[in-house]
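S.K.: Would you be able to build a 3D model of this:
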Amino acid sequence: MSIKKYHIGLTQWGLKDWVGKFYSDGARPDTFLREYATVFNSVEGNTTFYRAPSPKTVLKWGDQVSDDFKFCFKFPMGITHYKRLKNTEDEVLQFLDLFEPIREKLGPFHIQLSSQFSYNEFEKLEKLCDILPPHYSYAIEVRHQDFYDRGKKERRLEELLKSNIIDRVIFDTRKLHSIQTDDPVIKKAQQKKPKIPVRFDETGSRPFVRFVGANDILNNEAYLKEWAIIVADWIKGDLHPYVFIHAPDTVHGPKLARYFHQVLSRFIDLSPMPQWPIDRQNEQLGLF
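M.R.: Numbers count the residues shown, from 1 in each chain. Next up, the predicted model:
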């Protein structure tokens, strides 16, 4: 893996529609992660939001990636959404213990709170921060408007995160929600993704950015350049950013991430992103 100064990835590795476009023609589900990890050095572990993996599965995932690769597994919805952090201490610690065997391959755990989780529940968030084992890293995503008030509530959140060296997830959906279209894929994404303000300030050492815009490069260009400038400044300031690129149609994720890396390379010295598996396959076929 040649990307060293930051981590970049997509929302998943298991998309079958990438076969023959991003993955090699012969790729199978059990080879997807291995191929994905030859290009990107991180991934959002959204699968754990819906169901905790078995210890065997965790080890299998770890065996398929290098030590430079970092999984950013999401806390289960049962903890963050159904119970809203109430009386979840044991569940949190049991979930984290699952990943102890691959600790060196973990980036920040992604703790996404419900859009209904308001400032009135702040004490539960404080208790969560108190019990989180310090040998892991974390990024917390808030979606309720209380935490974007530019006042007491937001300051208290930022102070909590900074004091615990926890990053605040920056979820940028500005471009997505600016699109006027009848495309059902984009409309579905607009319905699912929150429309929240963007904060560019970091609270920890691993700024955590999630960007979702349009499916094409042209309509994302201005936003991705803005983020490239910010990410370059973070790197120059000895921070280690994590950047995850989304697209309404996930098929387009790899090309958008590759474009972001190219733009970032204009502002800071970076190695080129590795070739895609399908490109390597075609290059080898061309030799014969």
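S.K.: Other residues contacting the longest helix seen in the chain?
M.R.: Determined from DSSP state H, the single longest helix within the chain is helix 217-236. Helix 217-236 is contacted by residues 5-6, 172, 174-175, 179, 200, 202, 207, 209, 211, 213-214, 241, 243, 255-256, 259-260, 263-264, 266-268 when judged by CB atoms under 8 Å, 6 or more residues apart in numbering. Bear in mind the C-beta positions are built from the backbone N, C-alpha and C, glycine included.
S.K.: Remind me what the helix or strand just after that helix packs against, helices and strands.
M.R.: Proceeding N to C from helix 217-236, the next assigned helix or strand is strand 242-246, under DSSP states H and E. Strand 242-246 sits against strand 7-10, strand 42-45, strand 70-73, strand 208-212, helix 253-264, with contacts defined as 3 or more CB pairs under 8 Å, 6 or more residues apart in numbering; DSSP states H and E.
S.K.: And those: which comes nearest residue 183?
M.R.: Relative to residue 183, the nearest member of the helices and strands packed on strand 242-246 by CB to CB is strand 208-212, separated by 14.4 Å.
S.K.: hmm, back to that, now, of the contacts of helix 217-236, which are buried?
M.R.: 5-6, 172, 175, 179, 202, 207, 209, 211, 213-214, 241, 243, 255-256, 259-260, 263-264, 267-268 (16 or more other CB atoms under 10 Å).
S.K.: So which residues of the stretch 101-250 of the chain form strands?
M.R.: Secondary structure of the stretch 101-250 of the chain (DSSP state E, counting those that start in this stretch): strands at 109-112, 138-141, 167-172, 208-212, 242-246.
S.K.: now those in TSV, with distance to residue 280 and mean pLDDT?
M.R.: Converted to TSV, the strands of the stretch 101-250 of the chain look like this (distance: least, CB to CB, whole Å; pLDDT from 0 to 100):
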stretch	distance to residue 280	mean pLDDT
strand 109-112	30	98
strand 138-141	32	98
strand 167-172	31	98
strand 208-212	27	98
strand 242-246	21	98
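S.K.: Please convert those strands to JSON lines, extending it with distance to residue 226.
M.R.: Formatted as JSON lines, those follow (distance: least, CB to CB, whole Å):
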{"stretch": "strand 109-112", "distance to residue 226": "23"}
{"stretch": "strand 138-141", "distance to residue 226": "20"}
{"stretch": "strand 167-172", "distance to residue 226": "9"}
{"stretch": "strand 208-212", "distance to residue 226": "10"}
{"stretch": "strand 242-246", "distance to residue 226": "12"}
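S.K.: for residue 72, which residues make a bridge with it?
M.R.: residue 44 (DSSP bridges).
S.K.: Now do it against residue 250, distance only.
M.R.: 17 Å (CB to CB, to the nearest Å).
S.K.: Those two - which one has more neighbours?
M.R.: residue 72 (25 against 17; other CB atoms under 10 Å).
S.K.: And that one, how far from residue 8?
M.R.: Residue 72 is 11 Å from residue 8, by CB to CB.
S.K.: same question, residue 167
M.R.: Residue 167 is 16 Å from residue 8, by CB to CB.
S.K.: go on, residue 87?
M.R.: For residue 87, the distance to residue 8 - CB to CB - is 37 Å.
S.K.: and if you look at residue 270?
M.R.: 10 Å.
S.K.: Then residue 241?
M.R.: On the measure of CB to CB, residue 241 and residue 8 end up 9 Å apart.
S.K.: Report the set of residues contacting both of those two.
M.R.: With CB under 8 Å, 6+ apart as the test, residue 241 and residue 8 reach no residue in common.
S.K.: Any idea how many residues pack against residue 120?
M.R.: 10.
S.K.: how about the nearest residue to it, chain neighbours excluded?
M.R.: Once flanking residues are discounted, residue 120 sits nearest to residue 146: 8.0 Å by CB to CB, 6 or more residues apart in numbering.
S.K.: distance of the one you found from residue 155?
M.R.: The value you get for residue 146 to residue 155, if CB to CB is used, is 12 Å.
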